[in-house]
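Peer 1: Quick one: sequence and predicted model below, then my questions.
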Amino acid sequence: MKLESKVPSGPIEKSWDKHRFDLKLVNPANKRKFKVLVVGTGLAGSSAAASCAELGYQVESFCIQDSPRRAHSIAAQGGINAAKNYPNDGDSVWRLFYDTIKGGDFRAREANVYRLAQVSNAIIDQCVAQGVPFAREYGGTLSNRSFGGAQVSRTFYARGQTGQQLLLGAYSALMRQVGAGAVKLHARSEMLDLVVVDGAARGVITRDLVTGRIERHWGDAVLLCTGGYGNVFYLSTNAGACNVTATWRAHKRGAAFANPCYTQIHPTCVPVAGDHQSKLTLMSESLRNDGRVWVPKKKGDARKPQDIPEDERDYYLERKYPAFGNLVPRDIASRAAKQMADDGRGVGKTGLSVYLDFKDAIARIGLDKVKEKYGNLFDMYRHITDENPYEQPMRIYPAVHYTMGGLWVDYNLMTTIPGLFCLGEANFSDHGANRLGASALMQGLADGYFVLPYTLGGYLAGAKLPKVTADHAAFAQAENDVVMRTRALLGTGGKKAPAAFHRDLGRVMWDNVGMGRNAKGLREALSKIPEIRDAFWKGVSVVGDAADFNQTLERAGRVADFLEFGELLAKDALAREESCGGHFREEHQTPDGEAKRDDEKFAHVAAWEYNGEGKEPTRHVEPLTFDNVHIAQRNYA
Amino acid sequence: MNITLKVWRQKNADAPGALVEYNVAGVVPEMSFLEMLDALNERLVAEGQDPVAFDSDCREGICGMCDLVIDGQAHGPDKEATTCQLHMRRYRDGDVVTVEPFRAKAFPIVKDLCVDRSAFDRVQAAGGFVSINTGNAVDGNAILIPHDEAEKAMDAAACIGCGACVAACPNASAMLFVAAKVSQYALLPQGRPEREKRVLAMREAMDQEGFGHCTNEYECEAACPKGIKVSNIARLNREYLRAALTSD
């Protein structure tokens, strides 16, 4: 396997323009002859499907929910970054690029990140034009707020529902094309395999989740926009249906999986309440703009927060990182919270939380303003905890939130399988080892609106694809694989629900492959995960039929893939003998507990190649070079 | 706590359905209602019985996927909350709770508590958009929108498309859903070029899908987890009248 990044040569400011010019074009009349399959309808999938249809391609769009509008992008709260510099505070494309590279702890590809910063402004314009109701100033201009990892205000937002509004914008563009007959929509439809013909991606096998029918879909290119794999930890801020299945099946068909160990633990989530917990809820990072994070100075202080006087509180982020204060990047804020809990100064019943306090913000800007900015987040918190954050501080703790790893893609967003593209969170490219807040929405929409529509044309114009339809033998083979697997899941005669195995896996992942990782713990995970997997295939209970609406079967298939993928994640974490961003190897830290990179040995992308069942995967390396930013230890103090 | 559930079970749209009783033990107040159903299902699956099918995804009140009628109320007893935001601290030991699907002609049952709400997607496809292709936009600040107008549009845009308004309405009308979308665009300059076309197309699509008429019951507003106001329906009616009077 060869990893060719296809990054254009020349100055970085010109590379995307030059590349766009160099890409071959598909003549408008020929576009309708090509069919593009888009899997997933989040920001990346919806925007790509709509944009490709607008260009004239035939598009088919697939989602596992009952409507494309439910994709998990909808849950993103805080905002979307762009280098508009409307606040006149010194922002620029270059600064957004620099902050993103540095935020990612120098583990992302420079040219990709530069392009991301470059197209960021067009995204805001596009979304405004679609009728996304961004927050506005009294003069009618767009409002901005600050977010972690940046010292400028570059985040655009729609209350605490920015993801929802951006997704509904992309969804409206998609539905416009559905209405026009340019996109064929398949809702409640799950991709279970990729079909590769003569080395190129030519289709997918799906299961209609209502009827259970296995279907073959052929196309000239396949776009995976299927999100991240955070649910490998069982508990995460991801929605229940988020899974690794589509990317994992593509991996097993030849797509390299890059940096699976890069997972983001978000610092501000509602803490775990008990074993029944099915998911964790994020409280947007935007809250750190006005909320102050603290714990009692005294260990085991059981007083109510209101009763702890100012001088007995430790505003530890402000103390340790005076320049960025409560707005340090997520990985740093998360580890600091863990340190407080490890130090016995965590709060709440379990001691596994810290306070996020709005008392000063309410005094400063008033209750009404706080309500306008964060009202829905406060309501959400109250619903879950039965505590009123206007009167007492929120309790928060880190939780798995986002995954920076994903299918390896080149500058064109194409995986190692020609014709298979990967967009949004599902790919590995732009966030390095840690994603900054308000950058996920930016990347999903950049990929879908402004990158893929160009690079797809470049591929289709240059590829000489033979005519392939769903009666090709490769489709029969892939369909047969899916049917056999489904049969195996239904036939174990076991007694334990798939969810229970998922919980077992999650416990190992969180304990051994979570916020703090070390070689011993990772080796332990690598021996435990296959044990759980074996137990799963011997003892999972899947009730009902394959040819029916069967949610247990859906869950079982996804858990089965997580049980394979989790092992690769741990393997990648073990191989990366350094700390960077969200990947914290306890053996590699500075004396004051910060992540210590090893640029000499690990300034590279690790891309894993699948070698078959039971065989060791191969770790390939794409070196990262930094010609435009000075590579240095991150400093937020 | 021990909770007795009476759950609507129905194999598919064509099969007859009935309420089936289940006992769930070990329920704790911090559990969400759906986590209680998870616990029930995990037990049923372990016992080899068919679990209760129900929809949910984000479990934080924003995706609009969960959709239960609990003791006769769409999304249950909490005000401005989705089913997934309902917690068991609402209930007492020994309570009997009835759980049914959203019922409407336009939302056929898929299985048990799951319904097909694709009618909403088709209504959206009829006109719930601004016709602007990718790449055509002007600078975001070239379109000035007064703060209060943007806030009003956002109030309407907060709709999560769950369908509780339809389930709560005695006529199974989708007026609140359609009104929210029409209002969002009517309030914003970006939506104005297609204002008339949109409201006519969405109203027509709504009728074709078999949703009922609005008779001002206000049940939709009471059930809406996002607090969308019926004043949007008044705006929809004004927009409709305006379009009807001015169209060719």
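Peer 2: Yep, that arrived. Remember, predicted model here, so these are calculated numbers, not experimental data.
Peer 1: what about chain B, any weak spots by pLDDT?
Peer 2: By pLDDT under 70, chain B contains no weakly predicted segment.
Peer 1: quick one: the spatially closest residue to A:Glu137 that is not a sequence neighbour from A:Asp99, how far?
Peer 2: The spatially closest residue to A:Glu137, leaving aside those adjacent along the chain, is A:Ser143, at 5.5 Å (C-beta to C-beta, 6 or more residues apart in numbering or on different chains). No exception for glycine: its C-beta is placed from N, CA and C like everyone else's. Separation of A:Ser143 from A:Asp99 (C-beta to C-beta, to the nearest Å): 20 Å.
Peer 1: A:Ser429 too?
Peer 2: From A:Ser429 across to A:Asp99, the span is 17 Å (C-beta to C-beta).
Peer 1: again, but for A:Asn231
Peer 2: Taken as C-beta to C-beta, the span from A:Asn231 to A:Asp99 is 29 Å.
Peer 1: which one of those two has more residues nearby?
Peer 2: A:Asn231 (27 against 24; other C-beta atoms under 10 Å in any protein chain shown).
Peer 1: Which pLDDT value belongs to that one?
Peer 2: Here the pLDDT value assigned to A:Asn231 is 98.
Peer 1: Quick check: it touching A:Thr237?
Peer 2: No: applying C-beta atoms under 8 Å as the test, A:Asn231 and A:Thr237 come out as separate, 9.8 Å apart.
Peer 1: can you pull the contacts of the residue of the stretch 451-600 of chain A found nearest chain B?
Peer 2: At 4.0 Å from chain B, A:Ala497 is the closest residue in the stretch 451-600 of chain A, using C-beta to the nearest C-beta. Neighbour list for A:Ala497: A:Val540, A:Ser541, A:Thr552, B:Asn41, B:Glu42, B:Val45, B:Ala46 [criterion: C-beta atoms under 8 Å, 6 or more residues apart in numbering or on different chains].
Peer 1: if you set the cut-off to 10 Å instead, what comes out?
Peer 2: Neighbour list for A:Ala497: A:503, A:540-543, A:552, A:555-556, A:559, B:38, B:41-47, B:51 [criterion: C-beta atoms under 10 Å, 6 or more residues apart in numbering or on different chains].
Peer 1: Sitting in helices, which of those residues do you find?
Peer 2: In helices, judged by DSSP state H, the following of the contacts of A:Ala497 are found: A:Arg503, A:Thr552, A:Arg555, A:Ala556, A:Val559, B:Asp38, B:Asn41, B:Glu42, B:Arg43, B:Leu44, B:Val45, B:Ala46.
Peer 1: The first one: how many residues sit nearby?
Peer 2: What it means is A:Arg503. 17.
Peer 1: for the closest residue in space to it that isn't next to it in sequence, what are its contacts?
Peer 2: Excluding the flanking residues, the one nearest A:Arg503 by C-beta to C-beta, 6+ apart is A:Tyr234, at 5.3 Å. When contacts are counted by C-beta under 10 Å, 6+ apart, A:Tyr234 touches A:277-280, A:400, A:499, A:501-510, A:559, A:562.
Peer 1: Report the secondary structure element holding B:Val178.
Peer 2: Assigned by DSSP states H and E, B:Val178 belongs to helix B:175-187.
Peer 1: next one: that helix to chain centre, how far?
Peer 2: Centre-to-centre, helix B:175-187 and its host chain are 14 Å apart (C-alpha atoms, centre = their mean, to the nearest Å).
Peer 1: Name the next helix or strand downstream of that helix, please.
Peer 2: Taking DSSP H and E, what comes next after helix B:175-187 is helix B:195-208.
Peer 1: If you count neighbours, what's buried in that next one?
Peer 2: B:Arg195, B:Glu196, B:Arg198, B:Val199, B:Leu200, B:Ala201, B:Met202, B:Arg203, B:Ala205, B:Met206 (16 or more other C-beta atoms under 10 Å in any protein chain shown).
Peer 1: okay, the angle between it and helix B:175-187?
Peer 2: In terms of direction (axes from the mean of the first three to the mean of the last three C-alpha atoms, to 10 degrees), helix B:195-208 departs from helix B:175-187 by 170 degrees.
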